[in-house]
Each structure stands twice: as C-alpha cells, then as structure tokens.
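J.: when you get a sec, could you give me coordinates for this:
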Amino acid sequence: MLKIGNITLDIPFFQAPLSGYTDHAMRKLAREMGCPLTFTGVLLDKIAVHPKAVKKLKFQPGLDEHPVGAQILGADSDTMARAAAGFENIGYDLIDLNFACPVPKVLRRRRGGFMLNEPRVAIEIFRKVREAVKCPVTVKIRICFGKNDGTVDNFWQICEGLSNEGVDAITIHGRAVKEMYRGKADWEIVKQAKKNFPKTVIIGSGDILDAESAIDRYESNGIDGVVIARGAIGNPWIFSEVRALFEKKKMPTKPTLQEQGLVMLRHFEMLAKMKTQSKTVPYFRKFSAKYCKRHPERKKVLMALLGAKTRRGFHDVIKQWYGVGIDQITEESIVINLPD
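T.: Residues are numbered from 1 along each chain as shown. Now for the predicted structure:
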C-alpha cells in the first residue's frame, strides 16, 4: 500500500498529471484498468481565482473518480494558496504543486521547473498552500535546472525544506529541467533522496513505459511508489499489467485488436461528449499515435487515423483496422459522471 496523507492506495503506482492528456476520459479508462489515483493535467493557479472559470465542467472532478488530484502551476505563493483552496473546495482530494514543468513559456514566467533556481520561493509556496487546505499536498520536482549549473544543491535544499514542512509526498523526475525528456532519467538521485529523507514519501518518475519497468524501479530503489506518465498515453492497460505483476498474479493477456478498438472508440466518444467534432478529431490524434503501437500494422493504421477528418471517418478507420463498430459500445460505457 501507499499512504499519501489521508489517502491510502492499494498499490504503490498511479497515473501522473500530464498536461493536455489526463482529462476526464483518460482518467476514467485508467481507473477501470486498476489505477488507484489519477490527476488532472496541470492547471494554472489563476484559473481558480476566477469562480466562473472553475465552474466549467472540464475543471470539475467526476463524481465517480475519487480519489483524484489537481496539479497546479504558479509562482506567487498567495495565488497558489487561493488556487489550492479553490480546487479543494470543488472536490479534489489532493493538491500537487508543479515545480518540474520544463516548457520554455512556463520557465519564462518563472513557474514550474524554474523553482529549481529559487528554493526559498518554492518552500514558501508549499508553506502557504499547506496552510490553505486540509487535503494532502504533494510536490513534483526535477533533480536540477541544468546539468552542472550548481542547482542540484537547490534540489536538495527544496527536498529538505519540504520534508521539514511536512510534505505528504515528493515526486522526483530524474532529469534536469533543461533536458526536457532527452536521454535517460537518473534514478540514483531518486534512490538517494529516499535514503536522505527516510520519513518522507518519495515517488519516482521517468521512463516508465511498461509494467516491467515500473515494478523494477519500485523494487530496486527502495522508494515508496512510482508514477506512470507517458507510458499510460494510449495504453490504459499498463495499469492492469502493473497491478498483476505487483500482486504476483498471472500477467493479463494482451488486448485483442477488437478490445483495443473498443477502448479507442470509448475514449473518442467520451471526448466527443465534451468537445465539438472539430476539436475532438484533431485532439485525439495524439492518443491515436500511441494506441496504434499495439497494432501489427502500426504505420498503416496511424496514417489512416491521422487522415480521418470527421467523427464518422474515425469510426470507419476503427471498423476497418480493428474490426469493431460504434454500435458495439453502449451509452453507459461513455458516460462521465460530472456534477450538475
């Protein structure tokens, strides 16, 4: 089990917040496949300051997806505290502070991974948020800003400060901010963080693209848990596979083409409930690129999916390459239970 504040997970693996990906649809599929905790994509702190914006359904947690966390991004401690309180108020069970995002436009605004340059600001933000909410508060961070720029010392300073302040968990991605997603994640520093702060829940992140990697990183580094990020895009089955390996059960059989097609149709249709056709079709392409990796004719399928311009066109491609049609999914299977 993994305990994060007052939240107890039955397995020490969960879905990471992924900007532009972990919306209601992706979270619902992950939960169905055995994921015990999911997150929103990153949310700007200023959103929660505007009541009308927060009331939009896309920001509301589903009634059937608890526990679910909200990850927030910002640079001002007071605004971050107000945002955290706002998201807790609308039903999120956990607040995660993003001190890791490597996107240039985020860094220019001194947010996300920029906090590796300002450890005192990072700790002050956590302190203010911790005072503003009752739910667990966690932090996502990278191991330094740039390689060999001295900011690894800032990383350790932030970890020590967070531990002293009672953070409920620290998720550590084993890359420098400037590395983005290049090269391999450094898990040795994740392992060392747990040794340095044994009473703090340490979650590892980086290069978890399959169930075997998740289990190996968990067992070989002495950490409390592992978060699955890119490996879950277009691959919700990774959670059932991780659960089976962790519980020492027989690995589930690989999903058939028909099963893959049905999940893709459901994912697409859940998005169509929340977006217009003109937005759903292009939005889903980034998922299609990952889903079709399991297909033996991956390149041909990908080209066909990318060529679909309408909802009907998408349905036709799934019918052709996966052998299932829209008539084989039920209305109940694509319902997302949002508050009124």
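
J.: burial count for the nearest residue to Arg311 once chain neighbours are set aside?
T.: The spatial neighbour of Arg311 that comes closest, neighbours along the chain excluded (C-beta to C-beta, 6 or more residues apart in numbering), is Gln277 at 5.1 Å. Every residue, glycine included, has its C-beta placed from N, CA and C. Gln277: 12 surrounding residues under other C-beta atoms under 10 Å.

J.: ok, Gln277 touching Lys309?
T.: No - at 9.6 Å, Gln277 does not count as touching Lys309 under the criterion of C-beta atoms under 8 Å.

J.: any idea how far the residue nearest to Arg311 lies from Ala83?
T.: Applying C-beta to C-beta, to the nearest Å, the value for Gln277 to Ala83 is 32 Å.

J.: do Asp10 as well
T.: For Asp10 relative to Ala83 (C-beta to C-beta), the value is 30 Å.

J.: who has more neighbours out of the two?
T.: Neighbour totals were compared for Asp10 and Ala83, and Ala83 leads with 27 against 11 (other C-beta under 10 Å).

J.: for that one, which three-state class applies?
T.: Following DSSP: H, G, I helix; E, B strand; the rest coil, the label given to Ala83 is helix.

J.: check contacts around it.
T.: 43, 45-49, 72, 74 (C-beta atoms under 8 Å, 6 or more residues apart in numbering).

J.: return the subset of these lying in helices.
T.: 45-48 (DSSP state H).

J.: can you pull out the low-pLDDT segments for this protein?
T.: 340 (pLDDT under 70).

J.: what about the helices in it?
T.: 24-32, 45-48, 51-54, 77-89, 104-108, 119-132, 152-165, 187-196, 211-221, 237-246, 257-274, 277-291, 298-307, 311-322.

J.: how close does Lys275 get to Phe268?
T.: Applying C-beta to C-beta to Lys275 and Phe268 gives a distance of 10 Å.

J.: residues in contact with the closest residue to Arg27 other than its chain neighbours?
T.: Nearest residue to Arg27 in three dimensions, chain neighbours excluded: Thr38, at 4.1 Å (C-beta to C-beta, 6+ apart). Contacts for Thr38 (C-beta under 8 Å, 6+ apart) come out as 14-15, 22, 26-27, 30-31, 65, 68-69.

J.: quick check: the farthest pair among the residues you listed?
T.: The largest separation in the contacts of Thr38, counting by C-beta to C-beta, is between Met26 and Gly69 at 14.0 Å.

J.: looking at those two, which one has more neighbours?
T.: Applying other C-beta under 10 Å to Met26 and Gly69 shows that Gly69 carries more neighbours, namely 26 against 22.

J.: for Val129, see how far away the more buried one is.
T.: Counting by C-beta to C-beta - Gly69 and Val129 are separated by 13 Å.

J.: what is in contact with those two at once?
T.: With C-beta under 8 Å, 6+ apart as the test, Gly69 and Val129 both reach Ile95.

J.: give me the spatial nearest neighbour of Ala289, chain neighbours excluded.
T.: Spatially, and ignoring its direct neighbours in sequence, Ala289 is nearest to Leu302 (6.1 Å; C-beta to C-beta, 6+ apart).

J.: now do the same contact list for the one you found.
T.: The contact partners of Leu302, taken as C-beta under 8 Å, 6+ apart, are 288-289, 292.

J.: thank you kindly, that will do.
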